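In: What shape does this take:
(one chain, ligands or ions: 1)
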Amino acid sequence: MSVPLFASSLDRYLPRLTDRIADVVQEGRYILGPEVQAFESEFASYLGARHCIGVANGTDALAIALRALGVEPGDEVVLPSYTFYATAEAAADIGAVPVFCDVDPHTFCVTAETVRAAMTPRTKAVIAVHLFGNVAPMAELRELGVPVLEDSAQAAGAKLDGGMAGALGDAATFSFFPSKNLPCLGDGGAVVTNDDEVAKLARRLRFHGSDDKQTFVEVGYNSRLDEIQAAALRVLLPELDGWNAARREAAASYERQGLGGHVSLPEPVDGAEHVFHLYMARHERAEELVGTLNAAGVGARTYYRVPAHRQPAMARFATETPDLPGTEEAARTGLALPMGTQLTDEAVAEVVAACASGST
Ligand SMILES: Cc1ncc(COP(=O)(O)O)c(C=O)c1O
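Out: Alright, predicted model coming up:
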């Protein structure tokens, strides 16, 4: 039996998705229409936030949110190096200076200490990435005295001390890329905030810097969530909590079946309800173990093995980056094992057995 890395499928939602897409086509409105408006209000209310602004993808969401928070060219933005590259790219894209900080190699998230070590008087914002479905320690981060943007691309539906990831900072961004916990059928993203002014600016920036489509007051973006994606998201949002519960059950099954005897298990941040976008275990010989698992038909892979500050395009921002030992450890030891909304106990047993024979 082979076990895929991403054990989720939208098959059973196909009839509802196609019906809703047919409605959109019949309606004939494809951009910034009623579906986007309804999704924005449903997702904001799911998160307990005041505003949601649908945009074209999670990378644009970051750039737009940073600008809406007042980050300007030359300002420093502290962000983890151990993240998907887009987190750093968005800061550089708006002319800001990404300043790379370390992560806790057990949670894969930044801490107040790692962020503080990278802050200078020029720090204008911090990006807290809720990596792999874990949630960064937001209360401590907010005490640092600069705006905190949550990169929640991998953490739709996660919670920290009962509050929803995405409603814990000054603003948050989401990606609805198809592999994400809340997927759409292509690219999609959102900016979320409780701040009326930030929301107004983000809304303006997604439409070419204009509030009324007549006067253009900023150089903005053409970055809109489209009606078909919003319609799909409205079908799928009500499933999110159930899907995340299934992911947590799969994680519990890994524990019950003894995976912890062969690899180090994921560690939720204190108070976090992890949603296991990826099931990132740790092992001293992660890359070798991935090879053995793949040969046994088990989907597994390393992530961010070359962290953002060591990517060629970031070289000019990384000349003064100090050693980041947590980042190097996370990059060296992290390996993703199969996870998803449809991972059975039998599949988990298969993965655990493959880890047992590959990890000794
Ligand atoms: C942590 C993180 N930030 C940002 C992004 C960018 O999202 P998108 O691919 O929708 O542009 C991703 C997506 O993979 C991500 O995982």
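
In: Starting from whichever strand or helix holds Ala44, tell me the next helix or strand along the chain.
Out: For Ala44, the enclosing helix or strand under DSSP states H and E is helix 34-47. Past helix 34-47, further along toward the C-terminus, the next helix or strand under DSSP H and E is strand 51-55.

In: How about residues contacting that next one?
Out: The contact list for strand 51-55, computed with Cβ atoms under 8 Å, 6 or more residues apart in numbering, reads 36, 39-41, 43-44, 61, 64, 188-196, 198-199, 202-203, 206, 221, 223-225, 230. For the C-beta atoms, the positions are set from N, CA and C on the backbone; glycine is no exception.

In: quick one: secondary structure of Glu320?
Out: Each residue gets one of three states, and Glu320 gets coil by DSSP: H, G, I helix; E, B strand; the rest coil.

In: For it, grab the count of nearby residues.
Out: Neighbour count of Glu320, defined by other Cβ atoms under 10 Å: 7.

In: Phi, psi for it please.
Out: Recorded main-chain torsions at Glu320 are phi -110, psi 10, according to degrees, to the nearest 10.

In: Next one: it relative to Val129, how far apart?
Out: Shown here: Glu320 relative to Val129, a distance of 21 Å by Cβ to Cβ, to the nearest Å.

In: The stretch 151-300 of the chain: helices as residue ranges?
Out: 196-206, 227-236, 240-256, 286-295 (DSSP state H, counting those that start in this stretch).

In: residues from this protein in reach of the ligand?
Out: 57-59, 83-84, 86-87, 129, 151, 153-154, 175, 177, 187, 189 (Cβ under 6 Å from any ligand atom).

In: What is the nearest of these to Ser9?
Out: The shortest distance between Ser9 and any of those, using Cβ to Cβ, involves Phe177 and amounts to 15.9 Å.

In: Please enumerate the strands of the stretch 251-360 of the chain.
Out: Counting by DSSP state E, counting those that start in this stretch, residue ranges of the strands within the stretch 251-360 of the chain are 272-273, 279-282, 334-337.

In: okay, the ones you listed in a markdown table with mean neighbour count and mean pLDDT next?
Out: As requested, those are arranged in a markdown table below (neighbours: other Cβ atoms under 10 Å; pLDDT from 0 to 100):
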| stretch | mean neighbour count | mean pLDDT |
| --- | --- | --- |
| strand 272-273 | 22 | 98 |
| strand 279-282 | 24 | 98 |
| strand 334-337 | 25 | 98 |
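
In: quick one, which of the ones you listed is nearest to Ser8?
Out: Closest approach to Ser8 among those (Cβ to Cβ): strand 279-282, 12.3 Å.

In: How about the residue in the chain positioned nearest to the ligand: what's its closest non-neighbour residue?
Out: Of all residues in the chain, Gly58 sits closest to the ligand, with a separation of 2.5 Å (Cβ to the nearest ligand atom). Nearest in space to Gly58, with sequence neighbours left out and distances taken as Cβ to Cβ, 6 or more residues apart in numbering, is Ser175 at 2.6 Å.
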